[in-house]
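1. would you be able to build a 3D model of this:
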Amino acid sequence: MCSYNKEACNRLRKDLMRIGDILKSKRTALELTQEDLFNRSGVTQSMISKLEKGRTENVSIDVLRKLAKALNCLLIDLLPEEDKTRN
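-> Numbers count the residues shown, from 1 in each chain. Sure thing, here's the model as predicted:
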């Protein structure tokens, strides 16, 4: 359950869903299964699945770093475009 106000929780869910879409796109482009990504990254298949489906409310920078390294990309490459620019 999200501990922020409803609007902040909805934005967080949308951001995590976009991160999940990016993650899945990069994983499938490399022809990796979730299990393959687990073996490369050490991030559990369960967590990878939750991220890809946008079903987690919280992901640590450490998890994103591990996934990025396993996918041969930068951590910032896993973020939605609008989160890569300064306001």
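
2. all the helices of this protein, residue numbers only.
-> For the chain, the helices defined by DSSP state H occupy 6-29, 34-41, 45-53, 61-70.

3. tell me which of those sits nearest to residue 82.
-> Closest to residue 82 of these, according to CB to CB: helix 6-29, at 8.9 Å. (Each C-beta comes from the backbone N, C-alpha and C, glycine too.)

4. excluding covalently adjacent residues, which one is nearest to residue 54?
-> residue 17 (3.2 Å; CB to CB, 6 or more residues apart in numbering).

5. residue 50 too?
-> Residue 50's closest residue in space is residue 56 (CB to CB, 6+ apart), at 4.2 Å.

6. with residue 19 instead?
-> Using CB to CB, 6+ apart, the nearest residue to residue 19 is residue 78, at 5.8 Å.

7. what's around the residue nearest to residue 20 when sequence neighbours are not counted, how many residues?
-> In space, and not counting its chain neighbours, residue 20 is closest to residue 52: 4.3 Å by CB to CB, 6+ apart. For residue 52, the count of nearby residues is 22 (other CB atoms under 10 Å).

8. then residue 56?
-> There are 17 residues near residue 56, going by other CB under 10 Å.

9. need the pLDDT of it.
-> Residue 56 is assigned a pLDDT of 81 by the prediction.

10. so it touches residue 48, yeah?
-> No - counting by CB atoms under 8 Å, residue 56 stays clear of residue 48, with 10.1 Å between them.

11. number of nearby residues for residue 63?
-> Neighbour number of residue 63 under other CB under 10 Å is 18.

12. OK, contacts around it?
-> Applying CB atoms under 8 Å, 6 or more residues apart in numbering to residue 63 gives the contacts 43, 47.

13. give me the distance between it and residue 39.
-> 15 Å (CB to CB, to the nearest Å).

14. quick check: buried residues in stretch 52-59?
-> 52, 54, 56, 59 (16 or more other CB atoms under 10 Å).
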